[in-house]
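Chemist: Quick one: sequence and predicted model below, then my questions.
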Number of protein chains: 2
Amino acid sequence: MPPAPAARAKLLDAFVTILLEQGERAATLDAVAATAGVSKGGLLYHFPTKDALVEGLAEHVEALAAEDVEQMSSAPEGPAAYYIRTSVYADTPLDQAIIATTRLSQTANPRARQALRRIRQGWLDALSVEVTDPAAARAVMLIGDGLYYGAAMSGETSETPPEDVGELLEVVRRITGERD
Amino acid sequence: MPPAPAARAKLLDAFVTILLEQGERAATLDAVAATAGVSKGGLLYHFPTKDALVEGLAEHVEALAAEDVEQMSSAPEGPAAYYIRTSVYADTPLDQAIIATTRLSQTANPRARQALRRIRQGWLDALSVEVTDPAAARAVMLIGDGLYYGAAMSGETSETPPEDVGELLEVVRRITGERD
DNA sequence: GTCTATATTCCGATAGAC
DNA sequence: GTCTATCGGAATATAGAC
C-alpha cells in the first residue's frame, strides 16, 4: 500500500468541506486549493482536471460506504436498526462525504450519481438479508433516504435530533414485522 | 388578477426544464433565455437578476404545492395514501418544479431552501390530521422524501415504477395503524 | 512537487437603440 | 418589451520557473 498521500487527502477533505458548507458553486479549484493550503498549480498536480477531483471524491465515498456496509451486516442490532440509526446525519467522515457528493450537480457529474447509486444498492442488499419482504426493505431504505435528504436540504446541520430516532426505530420495527 | 404574463411563465418553464435535464450549472441566463426563445436582455427585463429568477421559481413551486395540499386534505383515500401515491415522480408541473428547486445549490440559494422547507411543512401538517402519532407521521413523510430524493438523484426519470407503489401503500398502512 | 503568471472561455449585469 | 453590444469579474486550464 502507498505511504499515505497526505496532499491528496487534504485536498479531498477541503473539497468536501466547501461542498458541505457553501455548495457546489463555491467549490472552485481556487477555493479548494486555498482551503487545503496550497496553490491552484499545486492542486492541479494531484488532480489534473476538476473531473479528476470529482472522481477522487467518488472513489473516496465509495470506499467509506463499503466499510459501513460491512459494519451494518455484522451489527448485533441487525442491519435495519443499524441503518436507520446511522442515517441521522452525525458528522462522520462517511456522512460528510455522502452529503458532499449529493451537493454535486449530478446531471453534470455522472460519476457522482454512479457513486450514490452504488452506495444505495449496497445498503439495500445488506438490508434485504434481514428484511426479506422487498416492499418493506424498500420502505426502510426510503426512510433512510429521507433522513439524509433532510440533512442535505436543510443546510449543514442535522434536522433530526437523535432523541427522535428511538421513536422512528419503533415504527421501523412495525414495518419489518412479519407479514402475510 | 393580471392578464396572464405569458413571457414570465415561459421563462420560468425554461428555467425548470434546464435545471431538470442538465442541472444547476447549465441553468445560465443565456441558456434560459435561449430555451424560452428570447434574448438575455429580454429575460432581464422580466427578472432583473438571477436571484429574481430563483425567487420567481420559489413562489411558483410554493403556489403549486399549496394546491396539492388542498387536494391532499380532501382526498377520499386519506392524506397519507394520497401523499405516498403522488410522491412518485410523475412529471406533473408540481413534481418538475420541486425537483428543479432541489437542483439549486441550496446553501447558495436560501430562498430555494425556504421554499422546500415550507412545502414539507405543509405536507406534514396535512398528514398529521390523519396520522396522529407524530413518529408515524414523520416516517410517512420520510418515505415521501425518499421517493423524491431517488428521483432527484437518479436523473430526470422516475426510479420507482408505479406498480411498486401499491406494495408501498400496504407498508404505509402498517405504519399508520393505531398504536399504544 | 509546488509555485507564479497568463490564456481563454464564460457568466451576470449594464447601456442604450429600436 | 425586446433587442444588440459590451464591461468586469471569475473559473478552468496551460506554461514554465524554481
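Modeler: Happy to help now that I have it.

Chemist: Please list the residues of chain A that sit near DNA strand D.
Modeler: Within chain A, the positions near DNA strand D by CB under 7 Å from any atom of the strand are A:A26, A:T28, A:L29, A:D30, A:A31, A:K40, A:G41, A:L44, A:P48, A:T49, A:K50, A:D51. Every residue, glycine included, has its C-beta placed from N, CA and C.

Chemist: repeat that for 10 Å
Modeler: Residues of chain A lying close to DNA strand D (CB under 10 Å from any atom of the strand) are A:24-33, A:39-45, A:47-54.

Chemist: Report all helices and strands that the lowest-mean-pLDDT helix or strand in chain A contacts.
Modeler: When the helices and strands of chain A are scored by mean pLDDT, DSSP states H and E, helix A:134-154 comes last with a mean of 85. Secondary-structure packing of helix A:134-154 (3 or more CB pairs under 8 Å, 6 or more residues apart in numbering or on different chains; DSSP states H and E): helix A:79-87, helix A:93-103, helix A:110-130, helix A:162-176, helix B:110-130, helix B:134-154, helix B:162-176.

Chemist: Let's see the first one as PDB, backbone CA atoms only.
Modeler: Output in PDB follows, covering the C-alpha atoms of helix A:79-87 (Å, rounded to 0.1, in the frame of the first residue of the first chain):
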ATOM      1  CA  PRO A  79     -28.900  -4.200   9.600                       C
ATOM      2  CA  ALA A  80     -32.200  -2.300   9.600                       C
ATOM      3  CA  ALA A  81     -31.800  -0.800  13.000                       C
ATOM      4  CA  TYR A  82     -28.200   0.000  12.400                       C
ATOM      5  CA  TYR A  83     -29.100   1.600   9.100                       C
ATOM      6  CA  ILE A  84     -31.800   3.900  10.400                       C
ATOM      7  CA  ARG A  85     -29.800   4.800  13.500                       C
ATOM      8  CA  THR A  86     -26.800   5.800  11.400                       C
ATOM      9  CA  SER A  87     -28.900   7.500   8.700                       C
END
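
Chemist: now that helix and helix A:162-176, what's the angle there?
Modeler: Relative orientation of helix A:79-87 versus helix A:162-176 (axes from the mean of the first three to the mean of the last three CA atoms, to 10 degrees): 150 degrees.

Chemist: Check the last one too.
Modeler: Counting by the same axes, to 10 degrees, helix B:162-176 lies at 110 degrees to helix A:162-176.

Chemist: Please say whether there is contact between the longest helix belonging to chain A and DNA strand C.
Modeler: Ranked by number of residues, the top helix in chain A under DSSP state H is helix A:50-73. No. Helix A:50-73 stays clear of DNA strand C (CB under 10 Å from any atom of the strand), getting no nearer than 13.2 Å.

Chemist: what's that helix in contact with?
Modeler: A:8, A:11-12, A:15-16, A:29, A:32, A:43, A:47, A:79, A:82-83, A:86, A:93-94, A:97-98, A:100-101, A:104, A:109, A:111-112, A:114-115, A:118-119, A:122-123, A:125-126, A:129 (CB atoms under 8 Å, 6 or more residues apart in numbering or on different chains).
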